[in-house]
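Participant: Sequence and predicted structure are below.
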Amino acid sequence: MPPDADEWAVVERRGPHLLESGRPFVVHGFNTYWLMYFAADPATRPTVTAALAEAADAGLNVCRTWAFNDGGDRALQLKPSSYDEEVFQVSFGCFGWARHDASNLLGMPILIGEFGVSLKDGRFGNEFRESFMETVYTIFSSSWKSGVIGGGCLVWQLFPESAEHMDDGYAVIFRKSSSTLNVLSNHSRTLEY
């Protein structure tokens with residue numbers, strides 16, 4: 001719990017919308033599979049802190065990551081029903097897909113998760129990726145502002161510079177792509193209420 005807070009804010013669902021302390025809440029976040037691995041090692045833990053700070057500076061408010069790391073190096077679950085307590089101290093929240101029909105038919109928020117474009121195969125560049133991201137954000141924002149849906153978007157995926165060797169082509173590395181950072185920051189501003 002933050003030292004200056006009486007309690008953690010809780011995000012709850014009301015119909016197709018999310019609320020935090022009674023106010024509208026929109027997920028504007030990112031996915032990352034490397035976070036648990038880096039957070040479990042004191043030598044790479046500052047990388048996690050730096051990446052989360054960069055994300056917060058861009059207005060991102062949710063990090064979706066794996067809550068497990070079975071077997072091998074820095075594993076959360078060492079064997080069935082046996083967990084590494086030090087690794088377990090890393091805490092975070094997870095959201096899933098639900099990533100328009102769910103909103104209408106089930107009255108559920110929409111969460112657009114794991115969206116992005118790979119730059120690795122050479123068919124697409126930053127300009128195309130950013131255009132794609134802007135399209136996703138524009139469609140979501142328009143529906144959200146009209147009151148049709150709630151939920152949000154989670155881009156795949158934010159990476160720190162030191163994890164480039166793990167890049168699957170979808171990595172958004174802020175220090176290497178200020179224009180992508182601008183896309184994310186601009187979407188944050190469209191969601192201000």
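Facilitator: Arrived safely, thanks for sending. Quick caveat, the model's predicted, so the values are computed rather than measured.
Participant: Give me the below-cutoff pLDDT ranges for the protein.
Facilitator: 1-6, 67-77, 80-81, 83, 85-105, 193 (pLDDT under 70).
Participant: any idea which residue sits dead centre in it?
Facilitator: Phe30 (2.1 Å; C-alpha atoms, centre = their mean).
Participant: number of nearby residues for the closest residue in space to that residue that isn't next to it in sequence?
Facilitator: In this structure, Phe30 finds its nearest non-sequential neighbour in Leu158, 4.1 Å apart by C-beta to C-beta, 6 or more residues apart in numbering. Where C-beta positions appear, they are placed from N, C-alpha and C, glycine not excepted. Leu158 has 27 neighbouring residues, counting by other C-beta atoms under 10 Å.
Participant: In the chain, what residue spans correspond to helices?
Facilitator: 35-39, 45-57, 85-88, 101, 126-145, 178-190 (DSSP state H).
Participant: Counting neighbours, what do you get for Thr147?
Facilitator: One thing to correct before we go on: residue 147 is Gly, not Thr. 9.
Participant: mind checking how far Gln188 is from Phe38?
Facilitator: Small correction: residue 188 is Ser, not Gln. According to C-beta to C-beta, to the nearest Å, Ser188 and Phe38 sit 24 Å apart.
Participant: Mind checking which of those two has more residues around it?
Facilitator: Higher neighbour count among Ser188 and Phe38: Phe38, with 22 against 16, using other C-beta under 10 Å.
Participant: Could you give the number of residues near the nearest residue to the more buried one once chain neighbours are set aside?
Facilitator: Using C-beta to C-beta, 6+ apart and skipping the chain neighbours, the partner closest in space to Phe38 is Thr44 (4.3 Å). The tally of other residues near Thr44 (other C-beta under 10 Å) stands at 16.
Participant: can you pull the contacts of Thr44?
Facilitator: Residues counted as contacts of Thr44 (C-beta atoms under 8 Å, 6 or more residues apart in numbering) are 37-38, 162.
Participant: I'd like these written out as TSV, with distance to Glu134 added.
Facilitator: What follows is the contacts of Thr44, written out as TSV (distance: C-beta to C-beta, whole Å):
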residue	distance to Glu134
Tyr37	31
Phe38	29
Ser162	28
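Participant: now, of the helices of the chain, which is deepest in the fold?
Facilitator: helix 35-39 (a mean of 22; mean count of other C-beta atoms under 10 Å).
Participant: could you say what helices and strands it packs with?
Facilitator: Secondary-structure packing of helix 35-39 (3 or more C-beta pairs under 8 Å, 6 or more residues apart in numbering; DSSP states H and E): helix 45-57, strand 62-65.
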